[in-house]
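# have a look; sequence and predicted model below, questions after that.
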Amino acid sequence: MSALGDFALDDLADDGPRPTTYSQYLGLLAVAAAIVAVAPATAISLPVVVTGGVVLAAGGLRGSRAWLTRGYALMVAGGLLHGALGGSAVGTVGAVIAATIAWDVVENGIGLAEQLGTEASARRSVIVHAVAVTAVGGVAGGAAIFVSFVFANNQPLPALVLLLFATVLVTASIRQG
Amino acid sequence: MTDSERPIERETYRWIGMAALAFAGLAVGVLSSTPGPLLVVAVGIGYAAAARSVTPPDVTLDVEHEVSDATPDPGDEVDVELTVRNEGSNTIPDLRVVDGVPDGLPVVDGTPRHGTTLRPGGTTTVEYTVEAGRGRHEFDPLLAIGRDWIGAQEREVAVPTDVTVDCVAPLEAPASLPLRGQTAQQVGTVTTNTGGSGVEFHTVREYRPGDPLKRIDWNRRARSGELATIEFREERAAIVVFVIDTRVEGYVTDSRGVSAVEHAIDAAGAVGRGLMDDGNRVGVASFGPSWTYVPPGLGRDHEVRLRDRLSLGDGFSPTPDRSKFVLGLALRRIQKHVPENAQIVFCSPVVDEVAVETVRRLEAHEHAVTVISPNVIDRGSVGADVERLEREERIRKIRQTYGRVLNWNVEEPLEVAIEGARRRWS
């Protein structure tokens, strides 16, 4: 059996309970935001983000984390493509943050449905969670955009290399806790 | 998982992919020399750092239950109002609670699970309805899971509760099951092979001085002039102990999910009442890991005691006791407590060989054993067919060798099964 066939079987096994309706609504809202963020571009990025959004929504409906993650990866790819093809930096960052929020609220919704069942109401914590995740993304993305505007224009290569080094350091320190 | 392992703190690993996001942004940014993807690095690191810096919330809860009726009748709906209060000093951003509803109380309306955000001192209320079934139902600890603001860390705690719902089921209407011919000394309804006073003809013997006048066979006297005395089968009271199979095997369920133990208790109640109405002494014992015993007795008070113990006794719990069962120990308990001359009515679905062995050993201890076997095995699947055949084989074995069996198909009333058995046994 082909690798693709194996994946398809795994996905069936991965199906879980459907997340609560609030999680689904918030997820769709975030997907829409991501699409709006890359909408000005006429390039290939828009269809990629839209496709990712559809896959992500389908994952949400099936309660499948595998499809959810695939949709999220597609949306991020679309967002990065948008930036790489010369789209606005704000649009790129906005699309990635929105995709992350969409993935997070739907994943959280699936987790809630697993632990509490689909009947239980968890509206408040779903909204609180979505607001917190939006705030983290907003602060991180906003700070990045602010810094890029202040120190704008043609970063020299050494700066890029330093940035790369710093990223590796920070990420490594984070992973080790 | 036992409660002693809680509280549990753990990472949810939900944000593990953020490092990959940062690296993807970096790679695309460097390769395309564009600022947008590079800024995505900051987003990835931002989320990863946030996930790293949060700590699981302090989950200190005060839990209160309000039960609309703590002593309902079977089938009654009981409303449960659960109030959870955050006793900690910090907000729990994402609190998930699962109430410890016992297995014997199915939830018929609402849900005992709830998710919310709880400020310090804040409360949340969950309402649901359960349907009461026979037995003592103790609520399990409430399970609470608290997650931080972005769901990176969680803490799981179990909050003990002290709610008990006692549901006493009335004994079923009396049913009269013919007993086996072994007896106590009191006058009662069990026929013996001893001649004497009674109603059923036994023998005619030669007159002996002192025989009561009313038992002289006057027809023979008129015919031949001889004096003869009619003997009737003596009827005496029996001592009967219902031994109910409460091993895990006794909890096999029928197509409606009612366990064989429930059917066995119903049968013991009905037949026991029938026997007591006829002046016999009736007791009950559980035959499982835990022991509940009511010595044989008679009368209104005893009937109430039987009813209460059959409903609330530890041995007759509505859900199986999974601790170890030792056959020898259980039999010794029976031997020690149950009077020697007592008949035993063993109520068991007979779904394994141990049940057959039990009948054999009880008979070996000189107890006359009658088996009431509720048949709960469903028709349809191959597995069920095999089970049914094996069970019928076991019942045949008991009938041939050790004792009487009332094979009761629980789809029909007990009386129907008794009527069928009465014809076969007489």
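Here it is on my side, so go on. What you are looking at is a predicted structure, and each value in this text was computed from that prediction instead of being measured.
# how about residue 79: what's its closest non-neighbour residue?
I'll assume chain A. By the measure of CB to CB, 6 or more residues apart in numbering or on different chains, the closest residue to residue A:79 outside its immediate chain neighbours is residue A:95, 3.5 Å from it. C-beta: built from backbone N, CA, C; applies to glycine.
# my question was about chain B, not that one.
Residue B:79 sits nearest to residue B:68 (CB to CB, 6+ apart), 4.0 Å away.
# so which residues of the stretch 251-400 of chain B form helices?
Counting by DSSP state H, counting those that start in this stretch, the stretch 251-400 of chain B has helices at residues B:260-277, B:300-312, B:327-337, B:353-364, B:382-397.
# next one, pLDDT for residue 106 please.
As the question left the chain open, I've gone with chain A. We have a pLDDT of 93 for residue A:106.
# was after chain B, sorry
So, for residue B:106, pLDDT stands at 91.
# how close does the residue nearest to it when sequence neighbours are not counted get to residue B:69?
Among residues not flanking residue B:106 along the chain, residue B:131 sits closest, at 5.5 Å (CB to CB, 6+ apart). From residue B:131 across to residue B:69, the span is 12 Å (CB to CB, to the nearest Å).
# give the residues shared as contacts by these two.
B:76, B:78 (CB atoms under 8 Å, 6 or more residues apart in numbering or on different chains).
# contacts only, for the residue nearest to residue B:79.
Residue B:68 sits next to B:78-80 when contact means CB under 8 Å, 6+ apart.
# what helix or strand does residue 80 sit in?
The chain I'm using is chain A. helix A:65-84 (DSSP states H and E).
# oops, chain B please
strand B:77-86.
# so which residue of the stretch 251-400 of chain B comes closest to chain A?
Nearest residue of the stretch 251-400 of chain B to chain A: residue B:257, at 19.4 Å (CB to the nearest CB).
# mind listing the helices for the stretch 1-150 of chain B?
Along the stretch 1-150 of chain B, counting by DSSP H, counting those that start in this stretch, helices occupy B:18-32, B:35-53.
# which strands and helices sit next to the longest one?
The criterion is 3 or more CB pairs under 8 Å, 6 or more residues apart in numbering or on different chains; DSSP states H and E, and the helices and strands that helix B:35-53 contacts are helix A:65-84, helix A:89-116, helix A:123-150, helix A:157-176, helix B:18-32.
# any part of the last one near chain A?
In other words, helix B:18-32. Yes - contact of helix B:18-32 with chain A (CB under 8 Å from any CB of the partner chain) involves B:19, B:21-26, B:28-32.
# make a ChimeraX selection of whichever of these turn out to be buried.
The following ChimeraX line selects those of these that are buried, judged by 16 or more other CB atoms under 10 Å in any protein chain shown:
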select /B:19,21,22,23,24,25,26,28,29,30,32
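# and which of the residues of helix B:18-32 next to chain A is nearest residue A:122?
Taking CB to CB as the measure, residue B:21 is the one of those closest to residue A:122, at 26.7 Å.
# lowest average confidence, helix or strand, in chain A?
helix A:3-14 (a mean of 43; mean pLDDT, DSSP states H and E).
# distance from the following helix or strand past that one to the middle of the chain?
Going down the chain from helix A:3-14, the next helix or strand is helix A:21-38, by DSSP H and E. On the basis of CA atoms, centre = their mean, to the nearest Å, helix A:21-38 sits 10 Å off its chain's mean C-alpha point.
# need the contact partners of the helix or strand that helix A:21-38 is followed by.
With elements assigned by DSSP H and E, the helix or strand that comes after helix A:21-38 is helix A:45-62. With contact meaning CB under 8 Å, 6+ apart, helix A:45-62 is reached by A:15, A:18-19, A:23-24, A:27-28, A:31-32, A:34-35, A:38-39, A:64-79, A:81-82, A:85, A:87, A:95, A:99, A:102-103, A:106, A:109-110.
# on that earlier part again, now the helix holding residue A:80 - C-alpha only, PDB.
Extracted as PDB, the C-alpha positions of helix A:65-84 are listed here (Å, rounded to 0.1, in the frame of the first residue of the first chain):
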ATOM      1  CA  ARG A  65      -6.300  16.700  14.500                       C
ATOM      2  CA  ALA A  66      -4.400  15.300  11.500                       C
ATOM      3  CA  TRP A  67      -6.500  17.200   9.000                       C
ATOM      4  CA  LEU A  68      -6.500  20.300  11.200                       C
ATOM      5  CA  THR A  69      -2.800  20.400  11.300                       C
ATOM      6  CA  ARG A  70      -2.500  19.800   7.600                       C
ATOM      7  CA  GLY A  71      -4.900  22.700   7.000                       C
ATOM      8  CA  TYR A  72      -2.900  24.900   9.300                       C
ATOM      9  CA  ALA A  73       0.400  24.000   7.600                       C
ATOM     10  CA  LEU A  74      -1.200  24.900   4.200                       C
ATOM     11  CA  MET A  75      -2.400  28.200   5.500                       C
ATOM     12  CA  VAL A  76       1.000  29.100   7.000                       C
ATOM     13  CA  ALA A  77       2.600  28.100   3.700                       C
ATOM     14  CA  GLY A  78       0.200  30.400   1.900                       C
ATOM     15  CA  GLY A  79       1.000  33.200   4.300                       C
ATOM     16  CA  LEU A  80       4.800  32.800   3.800                       C
ATOM     17  CA  LEU A  81       4.300  32.600   0.000                       C
ATOM     18  CA  HIS A  82       2.500  35.900   0.200                       C
ATOM     19  CA  GLY A  83       5.400  37.500   1.800                       C
ATOM     20  CA  ALA A  84       8.000  35.800  -0.300                       C
END
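# other SSEs contacting it?
In this structure, helix A:65-84 packs against helix A:3-14, helix A:21-38, helix A:45-62, helix A:89-116, helix B:18-32, helix B:35-53, with contacts taken as 3+ CB pairs under 8 Å, 6+ apart.
# pLDDT (mean, whole number) over that helix?
pLDDT averaged over helix A:65-84 gives 94.
# quick check: buried residues in that helix?
Buried residues in helix A:65-84 (16+ other CB under 10 Å): A:65-84.
# what's the distance between that helix and the middle of its chain?
Distance, centroid of helix A:65-84 to centroid of chain: 7 Å (CA atoms, centre = their mean).
# burial count for residue 104?
All of this refers to chain A. By the measure other CB atoms under 10 Å in any protein chain shown, the count of residues near residue A:104 is 28.
# um, chain B though
20.
# the residue nearest to residue A:79 and residue A:78 touch, don't they?
Yes - counting by CB atoms under 8 Å, residue A:95 touches residue A:78, with 6.9 Å between them.
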